[in-house]
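Trainee: Pasting a predicted model and its sequence here:
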2 protein chains.
Amino acid sequence: MAVSLSLMSQTPIAFTVGALVFPGFEVLDVYGPLEMWGMLREKGVSITMLAAKPGPVASSQGPRTIAEAALDEAAKHDVLLVPGGFGTRQAVRDGAFLESLARKAAEVRYVASVCTGSTLLARAGLLDGKRATSNKRAWDWVVTQGPNVLWVRKARWVEDGRFFTSSGVSAGMDMTLGLIQHVFGRDTSLEIARRAEYSWHEDKTTDPFAE
Amino acid sequence: MAVSLSLMSQTPIAFTVGALVFPGFEVLDVYGPLEMWGMLREKGVSITMLAAKPGPVASSQGPRTIAEAALDEAAKHDVLLVPGGFGTRQAVRDGAFLESLARKAAEVRYVASVCTGSTLLARAGLLDGKRATSNKRAWDWVVTQGPNVLWVRKARWVEDGRFFTSSGVSAGMDMTLGLIQHVFGRDTSLEIARRAEYSWHEDKTTDPFAE
C-alpha cells in the first residue's frame, strides 16, 4: 500500500519503527536507517529501540544505546529494523531470542534487515523460500545460516514481499530509502536524501561490493 | 604526521577518539564516523562517548546513547568528534558547555565536526580565521554563528590544520575517511570503505548539495 506523503504535506501520520539492538550490533546498521526514518518524525513517524530486555546495550564499536522496550512486550510496530554486526555470531545460537524475533516479525508490516541481520531472520525461519541478501565479507558464513533462503549475492538490497534485506553496513541507508519509497513514495525518499546530504544508490541491483 | 598502518598490519597502535554527544545530537553525524573509526578497533583505536556529564543523552531522532565520561574530566584523546543536530541551536547559547569544548579541543590532535557541529566550534572561538564548512540546509544560520570564520560553502569537507569540518550529516563519513587517510594513509581508508560497503566520496571539493 502506497501512502501519499510529502515532507511538505501538512497531514500527520502514525507510523512506528522498532529498531532491534543486541550485544555487538553494528552502529551504522542501526543509525544509518534511523537517520532516514528520523527525517519523518515531524510527520508522525516514531522510533523505539528494542532489545531482549530494556536497558543499555553495547555495540560492536563500543558505544552503548538504551533499549526502551523488550522485544516480547513492545507495542505493535509498522517496521522492525534488524541490524547485523559481530554480535550476530552469538545471537544466531540464542533460541529464545530468535523465537522473540519471529513473534515480533509476524506482527509488523515490514521487516528490514541490514548486513548480517539477515542471518537472524534466516535462523528464525522467516526467510525460507524468500530472496534475501547480506554482507559480502561474511557471505560464506551467511549462506550456511539459511540453507533454504534464496540468497542473492549481487544486490544493494533485495525486496521480497514485506521483507527488505540489505547488503553490508552502508547499504542499510539505501534499503531504508527504498522502503520509504515503497511506503511513502519516491519524492519523500529523494527529499530525505537531500536533507541528509546523502547520495542515494537508488538502483537496488547495482552492487559494487559483490565482486 | 602520517603513521603507516594497514588493516593487515600486525602492529597495534594506541589512538583514541572521543565522540561528543549533547541533547538533540544527530545520530548519523556521530555513528557514521564511529563506524569508520570502529573498523580500526582491532588495531588499537578506541572510542569514548563524551558529554557535559556522564549518562544517557537523547538524540534528535529519539534514541539515547550513554556518555561514559564528562568532557571536562575525560582522558586525553587524539580526535574529538563534534556532531551537529537540532540540539546545536540550544548548545551555541550554553557558555559553560562551549568553554568545556574549547578546553577539550585544545588538548586533542584533531578536531572533527559534522554538519552544524562546526557552529559549536565557531561559537567556542576555535575557527576564527580558519576555513570550515557545514550543513547546506542550515547555512544562513550557520554563518551568523562565526562571523570571523572563512566559511566554504561548496565542499564535502574542509581541512585547515588540525580542524576537519564536514558538510551535512552523511558527509561526516567522507570526512572521517579523509582524516583516517591523513593519519593512517589512503590504503587504510579504502580498506575501511570496502569493509563498510561504503562508496567513499574521496574528493573533498565535490559537493552535489551546495547548489
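Mentor: In hand now; what should we look at? Numbers count the residues shown, from 1 in each chain, chains lettered A, B, ... in the order given.

Trainee: ok, which stretches of chain A are helices?
Mentor: A:27-38, A:88-91, A:95-107, A:117-123, A:139-144, A:171-184, A:186-195 (DSSP state H).

Trainee: Residue ranges in chain A under the pLDDT threshold?
Mentor: Low-confidence segments of chain A, defined by pLDDT under 70: A:1-12.

Trainee: picking that back up, show me the one of the helices of chain A that comes nearest chain B.
Mentor: Minimum separation from chain B across the helices of chain A (CB to the nearest CB) falls at helix A:27-38, 3.3 Å. C-beta: built from backbone N, CA, C; applies to glycine.

Trainee: quick check, that closest one touching chain B?
Mentor: Yes. Shown here: helix A:27-38 in contact with chain B (CB under 8 Å from any CB of the partner chain) through A:27-28, A:30-32, A:34-35, A:37-38.

Trainee: Closest to residue A:179 out of these?
Mentor: residue A:37 (9.1 Å; CB to CB).

Trainee: Could you give the number of residues near the residue lying closest to the closest one once chain neighbours are set aside?
Mentor: In this structure, residue A:37 finds its nearest non-sequential neighbour in residue A:17, 4.9 Å apart by CB to CB, 6 or more residues apart in numbering or on different chains. Look at residue A:17: counted by other CB atoms under 10 Å in any protein chain shown, it has 29 neighbours.

Trainee: can you put the residues of helix A:27-38 next to chain B in JSON lines and add neighbour count?
Mentor: Listed next are these as JSON lines, based on neighbours: other CB atoms under 10 Å in any protein chain shown:
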{"residue": "A:27", "neighbour count": "28"}
{"residue": "A:28", "neighbour count": "33"}
{"residue": "A:30", "neighbour count": "27"}
{"residue": "A:31", "neighbour count": "31"}
{"residue": "A:32", "neighbour count": "32"}
{"residue": "A:34", "neighbour count": "26"}
{"residue": "A:35", "neighbour count": "27"}
{"residue": "A:37", "neighbour count": "24"}
{"residue": "A:38", "neighbour count": "25"}
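
Trainee: Which single one of those residues is nearest to residue B:142?
Mentor: Looking across those and measuring by CB to CB, the closest to residue B:142 is residue A:35, at 19.4 Å.

Trainee: ok, back up a step: let me have the helices of chain A in CSV, extended by distance to residue A:68.
Mentor: Output for the helices of chain A, formatted as CSV (distance: least, CB to CB, whole Å):
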stretch, distance to residue A:68
helix A:27-38, 13
helix A:88-91, 19
helix A:95-107, 14
helix A:117-123, 19
helix A:139-144, 29
helix A:171-184, 20
helix A:186-195, 24
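
Trainee: Ok, which of those helices comes nearest residue B:105?
Mentor: Going by CB to CB, the one of the helices of chain A nearest residue B:105 is helix A:27-38, 23.6 Å.

Trainee: Give me the distance from that closest one to the chain's centre.
Mentor: 9 Å (CA atoms, centre = their mean, to the nearest Å).

Trainee: same deal with stretch A:113-122?
Mentor: 8 Å.

Trainee: From the rest of the structure, what touches that stretch?
Mentor: Outside stretch A:113-122, the residues that touch it by CB atoms under 8 Å, 6 or more residues apart in numbering or on different chains are A:26, A:29-30, A:32-33, A:81-85, A:88, A:91-92, A:98, A:101, A:105, A:111, A:127, A:132-135, A:138, A:141-142, A:145-146, A:149, A:163-169, A:171-172, A:175.

Trainee: Now which of these would you call buried?
Mentor: In those, burial by neighbour count holds for A:26, A:29-30, A:32-33, A:81-85, A:88, A:91-92, A:98, A:101, A:105, A:111, A:127, A:132-135, A:138, A:142, A:145-146, A:149, A:163-169, A:171-172, A:175, counting by 16 or more other CB atoms under 10 Å in any protein chain shown.

Trainee: Next one: residue A:104 from residue A:176, what distance?
Mentor: 18 Å (CB to CB, to the nearest Å).

Trainee: Now do the contacts for the closest residue to residue A:154 other than its chain neighbours.
Mentor: Nearest non-adjacent residue to residue A:154, counting by CB to CB, 6+ apart: residue A:210, 4.0 Å away. Applying CB under 8 Å, 6+ apart to residue A:210 gives the contacts A:136, A:153-155, A:167.

Trainee: which pair in these spans the largest distance?
Mentor: It's A:136 and A:155 that sit farthest apart of the contacts of residue A:210, by CB to CB, at 10.2 Å.

Trainee: Please enumerate the shared neighbours of these two.
Mentor: With CB under 8 Å, 6+ apart, residue A:136 and residue A:155 have common neighbours A:167, A:207, A:210.

Trainee: Tell me the one of these nearest chain B?
Mentor: residue A:167 (5.6 Å).

Trainee: shouldn't the residue nearest to residue A:37 be in contact with residue A:77?
Mentor: Yes. Counting by CB atoms under 8 Å, residue A:17 touches residue A:77, with 6.4 Å between them.

Trainee: Identify the contacts common to those two.
Mentor: Common neighbours of residue A:17 and residue A:77 (CB under 8 Å, 6+ apart) are residue A:48.

Trainee: This completes my enquiry, with thanks.
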